[in-house]
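Novice: here are the coordinates; sequence isn't available:
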């Protein structure tokens, strides 16, 4: 294993194998690891996609996405997460037509938003275009919209839905540039959903997304009069305790 402190220059959070990815690779009694489906270093992060067989769950096969060694989603758990993130916000608004997604590279958040018939446009602002390409290729189950048929729209991939607009930019800069001063020619959003990485003090851009007041103000300014904002704030210690970042 790895130990923080055995070398002054070693930082465990910079080593994907010292994160959850390493736990999977080291627990052979619990899983059979199929060779990595994808192992790719993008401009922004390390992307690993693997298939495993869970021996303690009747040899159930699963597919898992890791970013910088941290598990993001798996085939048998992603639906519950993305449904809970998207649908409460969407049904809270009486008529959501324009929606923004921050992050969400797998396409699953986009998939759930596109299920709503009122939606006319979804702007997905994701900084890592290569991540999206890898998810389209290796995780098509996450971004499959073939069962959505609304007003004649029937796209195989959610990214190909005519209502989806992909923006490969830093969401922090994109929102501040358009809504940072409170006055904007950009049309506002009925719903904004932030599906970014968990709050992480070691990743500067993620810290800005969650804690920078200028960005938070831009998100507020980007909402329509009765707009709804949804966000995930990481894991809690127990199901009864709120996360530390919720205040």
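Specialist: Yes, it's here. The shown structure was predicted, so the numbers you read here are calculated from the model rather than taken from an experiment.

Novice: who's in contact with the helix ranked longest in the chain?
Specialist: Taking DSSP state H as the criterion, the chain has its longest helix at helix 78-92. Residues outside helix 78-92 that contact it (C-beta atoms under 8 Å, 6 or more residues apart in numbering): 73, 96, 99, 106, 108-109, 111-113, 116, 142, 191, 193, 195, 228-230, 232. Every C-beta, even on glycine, is put in place using the N, C-alpha and C of the backbone.

Novice: can you map out the helices along this protein?
Specialist: So, for the chain - with DSSP H - the helices run 20-26, 78-92, 108-114, 129-138, 171-179, 204-211, 213-221.

Novice: worst mean pLDDT across the helices and strands of this structure, which element?
Specialist: Using mean pLDDT, DSSP states H and E, the weakest-scoring helix or strand in the chain turns out to be helix 20-26, at a mean of 54.

Novice: which one, of the helices of the chain, ends up nearest to residue 64?
Specialist: helix 20-26 (7.3 Å; C-beta to C-beta).

Novice: ok, back up a step: and the helices of the chain: which comes nearest residue 63?
Specialist: Of all the helices of the chain, it is helix 129-138 that lies closest to residue 63, at 8.1 Å by C-beta to C-beta.

Novice: can you list contacts of the closest one?
Specialist: So helix 129-138 is contacted by 37-38, 40, 42-45, 47, 49, 65, 67, 105-107, 126, 142-143, 157, 159, 166, 168 (C-beta under 8 Å, 6+ apart).

Novice: residues in contact with the residue positioned nearest the centre of the chain?
Specialist: Residue closest to the mean C-alpha point of the chain, counted by C-alpha atoms, centre = their mean, is residue 104 at 3.3 Å. By C-beta under 8 Å, 6+ apart, the contact set of residue 104 is 110, 124, 126, 193, 195.

Novice: ok, back up a step: could you dump the helices of the chain into TSV and include mean neighbour count?
Specialist: Output for these, formatted as TSV (neighbours: other C-beta atoms under 10 Å):
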stretch	mean neighbour count
helix 20-26	17
helix 78-92	17
helix 108-114	26
helix 129-138	18
helix 171-179	20
helix 204-211	15
helix 213-221	16
